[in-house]
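Asker: Okay, here's the prediction I keep looking at, along with the sequence it came from:
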Amino acid sequence: MDIIYLLLPVALIIVLIIIGIFFWAVKSDQFDDLEGPAHRILMDDDDADIKPDNTEDRSTTDVTEKNTRQ
């Protein structure tokens, strides 16, 4: 039973070390997205350049429709 007094603090220290290493890795950009740029090249961005024909503001048409109904 006396071994618990030794194992618990050792386990907590190991957990704190692992958490510290994880946060260091995140802070120093060790988890960069290596596949994202390769997939972005394959995505088709041509549709984003096309503007819709109906560019009328919906908020003004909603107000106009409400006024004509009254």
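Answerer: Looks like it came in fine.

Asker: any idea which element V15 lies in?
Answerer: For V15, the element it lies in under DSSP states H and E is helix 4-27.

Asker: hang on, I meant P37
Answerer: In the assignment (DSSP H and E), P37 maps to helix 36-42.

Asker: ok, residues contacting that helix?
Answerer: Under the contact criterion Cβ atoms under 8 Å, 6 or more residues apart in numbering, helix 36-42 has no outside partners. Where C-beta positions appear, they are placed from N, C-alpha and C, glycine not excepted.

Asker: Alpha carbons only: can I get that helix in CSV?
Answerer: Extracted C-alpha coordinates of helix 36-42, given in CSV (Å, rounded to 0.1, in the frame of the first residue of the first chain):
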residue,chain,number,x,y,z
GLY,A,36,-4.6,20.6,-47.3
PRO,A,37,-2.6,22.6,-49.9
ALA,A,38,-2.4,19.5,-52.1
HIS,A,39,-6.2,19.1,-52.0
ARG,A,40,-6.8,22.9,-52.5
ILE,A,41,-5.0,22.7,-55.9
LEU,A,42,-7.5,20.2,-57.1
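
Asker: what about F22, how many neighbours?
Answerer: Counted with other Cβ atoms under 10 Å, the neighbours of F22 add up to 12.

Asker: Name all residues that make contact with it.
Answerer: Shown in contact with F22 (Cβ under 8 Å, 6+ apart): no residues.
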